[in-house]
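Below: sequence and its predicted model.
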Amino acid sequence: MSFDSRSRNFLYLNMTSGKLILFCGASGSGKTTIVRYLLERYRQFSFSVSATTRHKRANEVDGRDYYFLTVAQFKEKIAANEFVEWEEVYKDLFYGTLKSEIERIWNENKVVVFDVDVEGGLNIKKRFGSNLLAVFVKPPSVEALRRRLTERNTESAESLVVRIAKAEKELQYENLFDHVIENDNREHALSQATALVDEFLMDPARK
């Protein structure tokens, strides 16, 4: 039986309370493309905006893309136990998920959707257990990832080397996630992600 998007959203409305969906993968794996597609497809989804100490890019908006904090502000929130998870990726470059962000989304009766790196994702997975769908997105190869990052033209030669090394390490953890999507073809990856999400939302045991 098939449903149009309006019928599907109505059917899910009372089955999504307290649920979370997590997509992890290296920068350039395509996880952000998948997350954006899902956010457009499911009106009951809401993106969990991460906090970071990195500099805001020209096209980014505070509170929409990230909560941009100073290093001092971030450390103050760590000390106050305001994060679900946080990580110092590089020296003074912090990323984290604020507890208040998850509470905000749940107060709107929506499903929390994460797009985070692997270490942060594994910490989130430990915290929320069966309430969470955890999906690892990987490129078809490290060389394909290198090509994607190079084509972005947002990395220096030094940062590219660091990102590739980090990605190679992260690929070792794919088996710790519920599902793995190899993103070699965009449409196929989106179809896989949609099928996994539909199954998760309809499963009464995942609540």
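It's in.

what bits of the chain have low per-residue confidence?
Low-confidence segments of the chain (pLDDT under 70): 1-17, 154-155, 204-207.

Helices of the protein, start to end?
Using DSSP state H, the helices assigned to the chain run over residues 5-12, 31-41, 71-79, 99-107, 118-128, 142-152, 157-170, 186-202.

Single out the most deeply packed of those.
Ranked by mean neighbour count, those are led by helix 118-128 with a mean of 19 (mean count of other C-beta atoms under 10 Å). Just so you know, the C-beta spots here come from the backbone N, C-alpha and C atoms, and that holds for glycine as well.

Centroid-nearest residue for the protein?
residue 115 (1.2 Å; C-alpha atoms, centre = their mean).

Find the nearest non-adjacent residue to that one, please.
residue 35 (4.5 Å; C-beta to C-beta, 6 or more residues apart in numbering).

measure residue 111 to residue 39 for me?
10 Å (C-beta to C-beta, to the nearest Å).

Can you check which residues contact both of those two?
Common contact partners of residue 111 and residue 39 (C-beta atoms under 8 Å, 6 or more residues apart in numbering): 45, 46.

Name all residues that make contact with the residue nearest to residue 54 when sequence neighbours are not counted.
The spatial neighbour of residue 54 that comes closest, neighbours along the chain excluded (C-beta to C-beta, 6+ apart), is residue 93 at 5.7 Å. For residue 93, the contact set (C-beta under 8 Å, 6+ apart) comprises 52, 53, 54.

how deep is the first one tucked in, by neighbour count?
The criterion is other C-beta atoms under 10 Å. On that basis, residue 52 has 19 neighbouring residues.

Also the last one?
Burial measure for residue 54: 15 neighbouring residues, criterion other C-beta under 10 Å.

Distance check, it against residue 117.
Distance from residue 54 to residue 117, by C-beta to C-beta: 13 Å.
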